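1. the sequence and its predicted three-dimensional model are supplied below.
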Amino acid sequence: VMGNIRQNMPSIKIDPIDDGADKETADVLEDLTRQIEQSSNARNAYINAAKPQVKMGFGAWRVNTQANTKDIFEQDIVILPIKNPFTVYVDPDAVKPQKQDGRFMIVSETMSRKAYESQYGKKIDVSSIPNMGLGETKARWYDSDSVRVGEYFIKRKKKVTLVQLSDGTVINSDEISEKDIELYRQNGITPVREREVEQEVIDWYKLSAFDILDYQEWPSGLFPIIPVYGEEDNIEGETFIRGIVRAAKDPQRMYNYWNSAAAETMALQPKAPFLVTADQVKNYKRFWDSANVDNLPYLPYEPDGAAPPPQRLAPPIMQSGILQQAQISASDIQQATGVFDASTGNLPEQRSGRAVIALQNEADLGQSLYMDNLAGAIEHTGKVILSLIPKYYDTQRIIRLRGEDDSVRFAEINKPILTPDGMKIQNDLTRGKYDVRVGVGPGYKTRRIEAASSMIELARVFPQVLQVAGDLVAKNFDWPGSDEIAERLRKMLPPGIAENQELDEEQQA
């Protein structure tokens, strides 16, 4: 299952959904999100959460911010792993897939007492602290060497004033600067109406069992902790989660039992000795004593008229019922996990290719739950990132973007430009509404290899395609120099094809 997830890691896609958004800015946001994932090694965080999700039904990662290494006045958005999912606590009343309808989330960590006192400047006097009331015991919060610190995210209601401008844009009056207001006025954009509403905001606390260590308002209305679940069942109001292992535990126990019984049966049965009389081997005892150790070509013996020649007893016979039960238990494990021989590469003999594909599809269907839930969690991660970008990428600057093919480009964002219609903002990441979706399938490199193979097959049956698309064929190969060859072939294309332009009559001739 994890191999399938690694090979088909979901990817974040962003689309514009209102008049204030456009496709070009959506492409910038998508490439920026991909760059955030790449620079923070988000793939590692996703896989780190997918492992316990598949095993036991629950994993998690988080979205955070940190100071830019090149400019300490700028913050970068990062995706970080949560290695121990048991340090994450969510509101038990939440029902949505990523529990965003809950009232709170908590993630905790344990740090050494020395590091705690050095970082926060607070001494801990254990003797003066009484036993805890509600919640966990003192032993779970501190001991002689370590201190537990938690991050507490909790929602509250906050009144804000929304202002609708003459161009249809709706802004929060508390979040817009005087400079932005002046820019709107210069472009003839004025407030039309305003309305006071209640919005949910999230407060962030850093705390120990003794003190509130830090506090700020989290700049997004979405929790930054992203849980991902396996199978969930609600039984009489109580939610149970499980992974792929739970249903396989009983057949695995039976499989272990029957194999242990087979080993015990074989071990207790005697070996296959020779039946001889004492007179037959008395003169050749040294040969017979080493018969089980040395590879002797023959064993001499003295004929005994009162007995037949030496004979070996038949070897012990394993009870067929034990072996059959072990095979049944192995089959039960496959039925419980949905992982059949075809999905592990152990293809059944004398089966047609169509039958093998059907078996593989059956296995994929049994495992699709985990991939779907992971894709939903990654999609929500995109929404969290999208809600943070206007807060942290709100100034004019040049940022690095990463394309789907892993190519890097740079773009200037929030740049005022003068157009015939007035002052406009190019690549404005602070306006517009955008939607997030995920694509699940092979990675770009895998699709590139498959595309190159398909192009070669097309060129074999239709060689003329190389005259107009030879550069695209070369570009999809992974050997050194393929990009240079693609560029040279592109220069050899007929006029107009490379530039994707309409040809006039002279160029067509």
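-> On my side now, so go ahead.
2. helix or strand for Gly150, which one?
-> Counting by DSSP states H and E, the element that carries Gly150 is strand 146-165.
3. now the helix or strand hosting Gln280: how far from the chain's centre is it?
-> Per DSSP H and E, Gln280 falls inside helix 278-281. Chain-centre distance of helix 278-281: 73 Å, with Cα atoms, centre = their mean, to the nearest Å.
4. please apply the same query to stretch 194-210.
-> Computed by Cα atoms, centre = their mean, the chain-centroid distance of stretch 194-210 equals 29 Å.
5. for that stretch, buried residues please.
-> Along stretch 194-210, these residues count as buried under the neighbour rule (16 or more other Cβ atoms under 10 Å): 201-202, 207-209. Just so you know, the C-beta spots here come from the backbone N, C-alpha and C atoms, and that holds for glycine as well.
6. wait, which of the residues you listed is closest to Lys433?
-> Val201 (19.2 Å; Cβ to Cβ).
7. before we move on, back to that, what's the mean pLDDT across the helix or strand following the strand holding Gly150?
-> With elements assigned by DSSP H and E, the helix or strand that comes after strand 146-165 is strand 170-172. Confidence for strand 170-172, expressed as mean pLDDT, is 73.
8. who does strand 170-172 pair up with?
-> strand 146-165 (antiparallel) (DSSP bridges).
9. thought Val88 was touching Trp61?
-> No - in this structure, Val88 is not within contact of Trp61 by Cβ atoms under 8 Å, at 9.7 Å.
10. higher neighbour count, those two?
-> More neighbours surround Trp61 than the other of Val88 and Trp61, with 28 against 21 (other Cβ atoms under 10 Å).
11. beta-bridge partners for that one, please?
-> Going by DSSP bridges, Trp61 is paired in beta bridges with Pro81, Ile226.
12. which ones are touching it?
-> Trp61 makes contact with 42, 45-46, 48-49, 79-82, 226, 228, 381, according to Cβ atoms under 8 Å, 6 or more residues apart in numbering.
13. where's it relative to Tyr152, distance?
-> 18 Å (Cβ to Cβ, to the nearest Å).
14. skip the chain neighbours and tell me the closest residue to Ser290.
-> Leu296 (7.1 Å; Cβ to Cβ, 6 or more residues apart in numbering).
15. so the one you found: helix, strand or coil?
-> For Leu296, the assignment made with DSSP: H, G, I helix; E, B strand; the rest coil gives coil.
16. where does it fall, phi/psi-wise?
-> Main-chain dihedrals, Leu296, degrees, to the nearest 10: phi -90, psi 140.
17. tell me the spacing between it and Arg286.
-> 11 Å.
18. kindly report the same for Asn41.
-> 69 Å.
19. more crowded one of these two?
-> Asn41 (13 against 8).
20. which ones are touching that one?
-> Contact analysis of Asn41 by Cβ under 8 Å, 6+ apart lists nothing.
21. ok, it to Val436 distance?
-> To Val436, Asn41 is 21 Å away according to Cβ to Cβ.
22. ok, now Pro191?
-> As judged by Cβ to Cβ, Pro191 and Val436 stand 30 Å apart.
23. settle it for me: which of the two has more neighbours?
-> Val436 (20 against 14).
24. and that one, what helix or strand is that in?
-> Secondary structure (DSSP H and E) places Val436 in strand 434-439.
25. may I have that strand exported as PDB, CA atoms only?
-> This file holds the C-alpha atoms of strand 434-439, laid out as PDB (Å, rounded to 0.1, in the frame of the first residue of the first chain):
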ATOM      1  CA  TYR A 434      -9.200  30.300  -5.700                       C
ATOM      2  CA  ASP A 435     -10.200  26.700  -5.300                       C
ATOM      3  CA  VAL A 436      -7.900  23.700  -4.500                       C
ATOM      4  CA  ARG A 437      -8.100  20.200  -6.000                       C
ATOM      5  CA  VAL A 438      -5.700  17.300  -6.100                       C
ATOM      6  CA  GLY A 439      -4.500  15.100  -8.900                       C
END
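26. ok, residues contacting that strand?
-> 10-17, 21, 25-26, 29, 375-376, 378-379, 382-383, 386.
27. list the buried residues of the strand holding Gly150.
-> For strand 146-165, a neighbour-count test (16+ other Cβ under 10 Å) marks 147-155, 163, 165 as buried.
28. I'd like those residues as CSV, with pLDDT appended.
-> Shown next, in CSV, are the buried residues of strand 146-165 (pLDDT from 0 to 100):
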residue, pLDDT
Val147, 89
Arg148, 91
Val149, 93
Gly150, 93
Glu151, 96
Tyr152, 96
Phe153, 97
Ile154, 96
Lys155, 95
Val163, 81
Leu165, 77
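29. farthest pair within those residues?
-> Using Cβ to Cβ, those reach their maximum pairwise distance at Val147 and Leu165, which is 50.0 Å.
30. can you pull out the strands in the stretch 351-500 of the chain?
-> For the stretch 351-500 of the chain, applying DSSP state E, counting those that start in this stretch gives strands covering 397-402, 408-413, 415-419, 422-426, 434-439.
31. what strands flank the last one, and is each parallel or antiparallel?
-> Here the strand partners of strand 434-439, with direction, are listed using DSSP bridges: strand 11-16 (antiparallel).
32. restricting to C-alpha, output the strand it pairs with in PDB.
-> Taking C-alpha atoms only, strand 11-16 is exported to PDB below (Å, rounded to 0.1, in the frame of the first residue of the first chain):
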ATOM      1  CA  SER A  11      -0.400  16.800  -6.200                       C
ATOM      2  CA  ILE A  12      -2.100  20.200  -5.400                       C
ATOM      3  CA  LYS A  13      -3.900  22.000  -8.200                       C
ATOM      4  CA  ILE A  14      -5.300  25.600  -8.000                       C
ATOM      5  CA  ASP A  15      -8.100  27.100 -10.100                       C
ATOM      6  CA  PRO A  16      -9.700  30.600 -10.100                       C
END
